[in-house]
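> Need a 3D model of the following:
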Amino acid sequence: MTDSERVLVTTLGNPDDEAALRYALETYPQASVTLLAAIVPLDEQISEGRVLERGDERLAQARDRAESIRESVLEGTDAASPSRVTVRTREGRPVEVVPAYAEEHDMDRIVVPGHEASDVVRWLVGDGIPRTIEERASVPVEVLE
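Below you'll find the model as predicted:
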């Protein structure tokens, strides 16, 4: 594999998110890695009904979760410097947000957890997220199985 300078790792709300970040850090030891949490937007009625928190609260929760993933992986990886991994959140469907972010920020590669997203995310946006990201991205995508 060629060495990539900028690698985007997406979180899908499943246990494989940590494995995806660990894989990117180990496979591309010289790369800057961005851990991206995409948050599916909800309409006001669902949010007000407290099924899920409002968008800004959900973005903060997603950022906290992504920061926790980052810290957990970095603790177990000797070669990884904390400055190598930045955390970003975006509101939108992962199949749209991830390829767009990669293009806007000139990423060289995307790493996606291979297993489906959490049940809530699948309910909101459907199945097949990893493969759809792969189809839509303009850069190479590695879907971890």
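> What part of the chain, helix or strand, is modelled with the least confidence?
The helix or strand of the chain with the poorest confidence is helix 44-48; it has a mean of 43 (mean pLDDT, DSSP states H and E).
> Check the offset of the helix or strand following it from the chain's centre.
Once helix 44-48 ends, the next helix or strand along the chain (criterion: DSSP states H and E) is helix 55-75. On the basis of CA atoms, centre = their mean, to the nearest Å, helix 55-75 sits 10 Å off its chain's mean C-alpha point.
> Could you do stretch 15-26 as well?
10 Å.
> what's the average pLDDT for that stretch?
In this model, stretch 15-26 carries a mean pLDDT of 88.
> Pull that stretch out as PDB, backbone CA atoms only.
What follows is stretch 15-26, C-alpha atoms only, in PDB (Å, rounded to 0.1, in the frame of the first residue of the first chain):
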ATOM      1  CA  PRO A  15     -17.500  -1.100  18.600                       C
ATOM      2  CA  ASP A  16     -15.400  -1.300  15.500                       C
ATOM      3  CA  ASP A  17     -14.800   2.500  15.600                       C
ATOM      4  CA  GLU A  18     -11.800   2.000  17.800                       C
ATOM      5  CA  ALA A  19     -10.400  -0.800  15.600                       C
ATOM      6  CA  ALA A  20     -10.700   1.500  12.500                       C
ATOM      7  CA  LEU A  21      -8.700   4.300  14.200                       C
ATOM      8  CA  ARG A  22      -6.100   1.800  15.500                       C
ATOM      9  CA  TYR A  23      -5.800   0.300  12.000                       C
ATOM     10  CA  ALA A  24      -5.300   3.700  10.400                       C
ATOM     11  CA  LEU A  25      -2.600   4.700  12.900                       C
ATOM     12  CA  GLU A  26      -0.700   1.400  12.500                       C
END
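> Pull out the buried residues from that stretch.
Neighbour-count burial for stretch 15-26, counted by 16 or more other CB atoms under 10 Å, picks out Asp16, Asp17, Glu18, Ala19, Ala20, Leu21, Arg22, Tyr23, Ala24, Leu25. C-betas here are computed from N, CA, C, even on glycine.
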